[in-house]
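**Student:** take a look and give me a structure for this.
(3 chains)
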Amino acid sequence: MSQQIQVSSLDAYYGKHKAIEDISMTIEPQSITAFIGPSGCGKSTFLRTLNRMHEVIPGARVEGKVLLDGEDLYAADVEPVSVRRMIGMVFQRPNPFPTMSIYENVAAGLKLNGRYARSEMDDIVETSLKGSNLWNEVKDRLNKPGAGLSGGQQQRLCIARAIAVKPEVLLMDEPCSALDPISTLAIEDLMSELKNQFTIIIVTHNMQQAARVSDRTAFFNLAGQGQPGRVIEMDDTSRIFTNPSQKATEDYITGRFG
Amino acid sequence: MAAIAVFLIVEAVPALQANQGSFLGTLTWTPNNTEPSFGIAALAFGTLLSSLLALVMAVPVAVGVALFISHYAPRRLAGVLGYVIDLLAAVPSVIYGLWGVIFLVPLVQGPYEFIHEYLGFIPLFGGDSVGGHSIMTASIILAIMILPIIAAISREVFLQVPRMHEEAALALGATRWEVIKTAVLPFGRPGVISASMLGLGRAMGETIAVALIFPATFGISFQILAPEGNSIAANIANGFAEAGPIGRGALIASGLVLFIITLLVNTAARLIVARRKEFSGAAA
Amino acid sequence: MTAIQHAPAIRRISTGRRVKDKIVQGLVYLSFAIAVVPLLSVLWLVLSNGFARLNMEFLTHSMRNIGARDAGGGAYHAIIGTLEQVLLSSVISIPVGLLTAIYLVEYGRGGRLSRAISFFVDVMTGIPSVVSGLFILAFWILALGMPFSGFAGALALSILMMPTVVRSAEEMLLLVPNDLREASYALGVPKWRTIVKVVLPTAFTGIVTGIMLAIARVAGETAPLLLTVFFTDSINTDPFDGPQMGLPLYVFDQSRRPTDVAIDRAWAGALTLILIVMLLNLVARLIGWWRSPARR
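**Tutor:** Numbers count the residues shown, from 1 in each chain, chains lettered A, B, ... in the order given. The predicted structure follows:
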């Protein structure tokens, strides 16, 4: 149930400011792709263009094409809402709905997309929580507020919420940056399991993390001071970290700048 | 605070002792007669009915206005509109009263007759005659008066909904309405409730606007279009100038009742907000 | 999770959901229209009817010896009364309110006394204006035997004004970052000097804005005046003795008279009142804007 994503010459703007320029890449199904690069180089912006979340910021717009299995997400007759339904997202800081219980949080997306029988809903919630390795920790308190969990648990709850609607692609915007090392490890393990079902794209500042979990890595950088961000290099992760073709990439991963 | 209650009681007791009727049950208000007789029931009923009607009319519209400003209007327009709503909340009540009595009362006569004619079989719209000086008109004015307050507070609360909760809903593929339903309204509910209660308290204590509208009749009737109705506050404003010593005491006693009712409403509001805390955004 | 065959094309959202979204959008726009129409109508009528009668004569003459049916007359006595009453109530409630807020934020943090005060302030916020008028009537005029006067009105107004001042000042003081206080303590500055020299200046504009809004609010109150200031058609510049007039009271009084000239006077009075209130509001916003960090 995962699909190939093809991006061709994509630009994104905030008002007049061009944040990223001329990005083209292909992301294979059932793989983990990592975006690395210094802060402010447009990784998160690019990620948000992939499920049309970029345009919810006032004044933001996108030019170019994103094809999901050959279909353009930015075609005139495509609704952003249905795009986001197919391409789920996990955010930097865990953001369970504070007014909902754990169960309701996982079921939130399902409730939007039609009616399910109670038992069916129960099944999906359980599968999703198991899928995010959270089931054993919360099965006895499904009706407690989601905000009462620890940070790492909350993030896994958000992943469960995202996978409950069975998206094709899962976007993760620095999902571990607000978590401790143990929770981070749990999420990384989870990602390796989830990639059998989903295409996963992750933005990370943690080079080791990119090296550990991803199959392919894209290095983003600014074209220059005040210039939009670009993809400098994209290749198999092992190659990027051992033998990058660009000098800038090597400098970045060896810590010589950024 | 306690002093307020004490002095109101002290000044009310002589009048209550002189009362020939029952303060709770009597449906007339003649404290200035040689045999004073007065009761709070009709006044309290009018206060509650008109305020609740006003609340029913104002809250949905106010929430709509707040949502319009916080989530639908273009950003630049929203700032201006928020400012305008704040200004309108500051318009003195006597001005709404003036507007009501000069403009609204003649205006509603036609529609009232229409409703009376075709829906008169519903007791609410029944009665022998209909007129602008009625509970309905008073409620409309009260609704208009409390609308800016409720809208201003609700907008404030809606704007405080963390961006990330809305984005979480968006990322699940929610439409704008569904974002509002899943992320905005649940987060804002305690705020809207307390704003409504605040509005209810305002409506019940509102004096001048309704004093100009109510024809100062006494009686308990659900016929909201009929030219009758009164409220505690309006009765104080209308009756004070002519009141003798017993009359003043009677009015003070009625004020005490109003004080207690508003106190209960405000306390209820605070309890509702407190009870929702476990699931509120404050815990996140 | 069961495997799904070939993934479907990007699905459109269901018609039901789309329709619901549009309906709600329509309702929101509609409610905005419903709300705006009467409010605009109020403003328009006040402006158009008020300007017809608002002139120098209106602003400089009282209603002495002018019957309900006579044209002419003005609101001079009412304007004087309102200004004096509002000034007096500000003099009473601003210092008390400010000191209470300072106590709540700087000294009594979370203690039993401060929680009790906080609770009473909350309750006082909800007191209907007519009840505050009744209280002053019962306490000041009936129990102590004082006459109806502008001062009695000012007392009633300060009951309404004080909680607003406390709340807004408290909020502003809470916004002052603790780092600032600690930085000052670290320099060996005593607490009271820290409050006077560091905390208050930082929160100054916010507090002033809150106070101006509180003043604007009580300037439009009618009911408490009705019970404490009583009526007069003459000019009485002494707020401590004898009945005065207030602008809101003037509007109320005139609008109850069934003649066109009186109604015209009521509109003009309403316009004057709105202008005063809006002016105070505007000053408050300007102060807020003038000192706002965004402008620096």
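**Student:** what's near enough to touch the most centrally placed residue in chain C?
**Tutor:** Nearest residue to the geometric centre of chain C (CA atoms, centre = their mean): C:R217, 1.7 Å. Taking CB atoms under 8 Å, 6 or more residues apart in numbering or on different chains as the contact definition, C:R217 lies against B:90, C:160-161, C:164. In short, each C-beta sits where N, CA and C put it, glycine included.
**Student:** point out where chain B drops to low pLDDT.
**Tutor:** B:1-3, B:273-284 (pLDDT under 70).
**Student:** now the stretch 1-150 of chain C against chain B: closest residue?
**Tutor:** C:P128 (2.2 Å; CB to the nearest CB).
**Student:** ok, so what distance separates that residue from B:S231?
**Tutor:** Computed as CB to CB, to the nearest Å, the C:P128 to B:S231 distance reads 11 Å.
**Student:** overlap in contacts, those two.
**Tutor:** In contact with both C:P128 and B:S231: B:M204, using CB under 8 Å, 6+ apart.
**Student:** the more surrounded of the two?
**Tutor:** Remark: of C:P128 and B:S231, B:S231 carries more neighbours, 33 against 27, as counted by other CB atoms under 10 Å in any protein chain shown.
**Student:** thought that one was touching B:V210?
**Tutor:** Yes. The criterion here is CB atoms under 8 Å, and B:S231 meets it with B:V210 at 5.5 Å.
**Student:** identify the contacts common to these two.
**Tutor:** The contact lists of B:S231 and B:V210 share B:50, B:138, where a contact means CB under 8 Å, 6+ apart.
**Student:** ok, back up a step: out of the contacts of C:R217, flag the one nearest to C:L113.
**Tutor:** Ranked by distance to C:L113 (CB to CB), these are led by C:T164 at 21.3 Å.
**Student:** can you confirm the closest one is in a helix?
**Tutor:** Yes. Using DSSP: H, G, I helix; E, B strand; the rest coil, the assignment for C:T164 is a helix.
**Student:** isn't it up against C:I207?
**Tutor:** No. With contact defined as CB under 8 Å, C:T164 does not reach C:I207; the gap is 11.9 Å.
**Student:** for the chain, just list every one of the strands.
**Tutor:** All of this refers to chain A. Using DSSP state E, the strands found in chain A span residues A:5-14, A:17-27, A:32-36, A:60-68, A:71-72, A:87-90, A:169-173, A:199-203, A:216-222, A:229-236.
**Student:** think we crossed wires, I meant chain B
**Tutor:** Under DSSP E, chain B gives strands at B:29-30, B:37-38.
**Student:** B:F222: what's it in contact with?
**Tutor:** With CB under 8 Å, 6+ apart, B:F222 has these contacts: B:49, B:123-124.
**Student:** which residues of the chain score low on pLDDT?
**Tutor:** Since no chain was named, I'll use chain A. Looking at chain A by pLDDT under 70, you get A:1-2, A:256-258.
**Student:** hmm, no, I was thinking of chain C.
**Tutor:** C:1-12, C:68-69, C:291-296.
**Student:** for residue 129, what are its contacts?
**Tutor:** Answering for chain A, as no chain was given. A:106, A:135, A:138-139, A:157, A:160.
**Student:** switch to chain C, please.
**Tutor:** So C:S129 contacts B:205, B:207, C:156, C:160, C:221-224 (CB under 8 Å, 6+ apart).
**Student:** separation between it and C:T222?
**Tutor:** 8 Å.
**Student:** chain B contacts on the stretch 51-200 of chain A?
**Tutor:** A:51, A:53, A:56, A:58, A:81-86, A:88-89, A:91, A:93, A:95-100, A:108-109, A:112-113, A:145, A:147-148, A:158, A:161-162, A:165 (CB under 8 Å from any CB of the partner chain).
**Student:** B:N33 is nearest to which of the strands of chain A?
**Tutor:** That would be, of those and by CB to CB, strand A:60-68, which comes in at 73.8 Å.
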